[in-house]
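Peer 1: Just need the structure, nothing else, for what follows:
(one chain, ligands or ions: 1)
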Amino acid sequence: MKKTRQNSTAAEAAFLKRKRPVKKKNGKKEGKEEGIITPLIEKYWFQRYSLFSKYDEGIKMDEEGWYSVTPEEIAIRHAEKCGGDGLVIDCFSGVGGNAIQFARLCTFVVAIDIDPQKVNMAFNNAKVYGVEDYIDFIVGDFLMLAPSLKGDVVFLSPPWGGPSYKRIESFTMDLLKPKDGYSIFQAAQRITPKIIMFLPRNVNLNQVEELSWLSSPPLSIELELNYLEGNFKGITVCFGSSACSSVL
Ligand code: ADP
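Peer 2: Numbers count the residues shown, from 1 in each chain. A predicted model of the protein is given here:
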């Protein structure tokens, strides 16, 4: 298994140069978003330009979207790994952070989410980036839709169970939602062996390796550790050699 580390110096420098928003005496931020930014998502709001560099151009997110969207620089890395060509299926697309970057670098994207509000927000956000014509948005349950899907690369960033995953020592496959990681992976495998998964930094790596053994012969596997502004954000796992076009 190959392990690499990715740093994000340019984005980090840009982020650090940004002025922090002025706070009112009552602790609420000045500006048009007052009332939208709850205490739970405030820390993510400070990172808004790492989530979407075009944040100020009309990006929409709900509370879950704030803490589950893939930071833009990492989403770009995921898209680079798809090799540029072909149809990418983003199976838990949320507010569209990954789908947008796949649409920019690959031929076409199918973006699936079970929550219609998320799909509306993802469509809005894709429009902000001018890529809405390269994405088919589907409201549905990935596990139900999987048998009827065709694609060149499957991207899986299944729910990690919210921010509380950080408190777990070893994040095991049964903690993924809406089903355990093995079941999600097997559904994806029926579509293509080229699978990219974005998983918590504390994921149990022995179990990750076990996923590759669900195929015969076992799929090749590459890991990339994703850092942003010095923080370890997650682990990208590429299964099936040509899923990872770039040398890590
Ligand atoms: P996290 O726990 O990592 O914060 P979320 O709970 O936000 O993740 O889930 C990520 C996305 O996956 C959400 O937008 C959610 O609506 C979507 N989702 C959950 N279950 C399914 C499913 N069965 N099929 C497709 N999308 C789903």
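Peer 1: Nearest residue to residue 123 in space, please, no chain neighbours.
Peer 2: Of all residues beyond its chain neighbours, the one nearest residue 123 is residue 137 (5.4 Å), with distances taken as C-beta to C-beta, 6 or more residues apart in numbering. Glycine gets a C-beta too; all of them are placed from N, C-alpha and C.
Peer 1: Is the one you found located within a strand, as I assumed?
Peer 2: Yes. Secondary structure assignment (DSSP: H, G, I helix; E, B strand; the rest coil) places residue 137 inside a strand.
Peer 1: pLDDT value on it, please?
Peer 2: Among the per-residue scores, residue 137 shows a pLDDT of 98.
Peer 1: Any idea what it is bridged to?
Peer 2: Here residue 137 sits in beta bridges with residue 111, going by DSSP bridges.
Peer 1: how many neighbours does it have?
Peer 2: 21 (other C-beta atoms under 10 Å).
Peer 1: which ones are touching it?
Peer 2: Counting by C-beta atoms under 8 Å, 6 or more residues apart in numbering, residue 137 touches 93, 111, 119, 122, 123, 126.
Peer 1: for those residues, which one is nearest residue 202?
Peer 2: residue 93 (23.7 Å; C-beta to C-beta).
Peer 1: wait, that closest one sits on residue 114?
Peer 2: No. Taking C-beta atoms under 8 Å as the contact criterion, residue 93 and residue 114 are not neighbours in contact, 10.0 Å apart.
Peer 1: Which of those two has more residues huddled nearby?
Peer 2: Between residue 93 and residue 114, counted using other C-beta under 10 Å, residue 93 has the larger neighbour count: 30 against 18.
Peer 1: Show the model's pLDDT score for the most centrally placed residue in the chain.
Peer 2: With distances taken as C-alpha atoms, centre = their mean, the residue of the chain nearest its centroid is residue 70 (3.9 Å). Here the pLDDT value assigned to residue 70 is 97.
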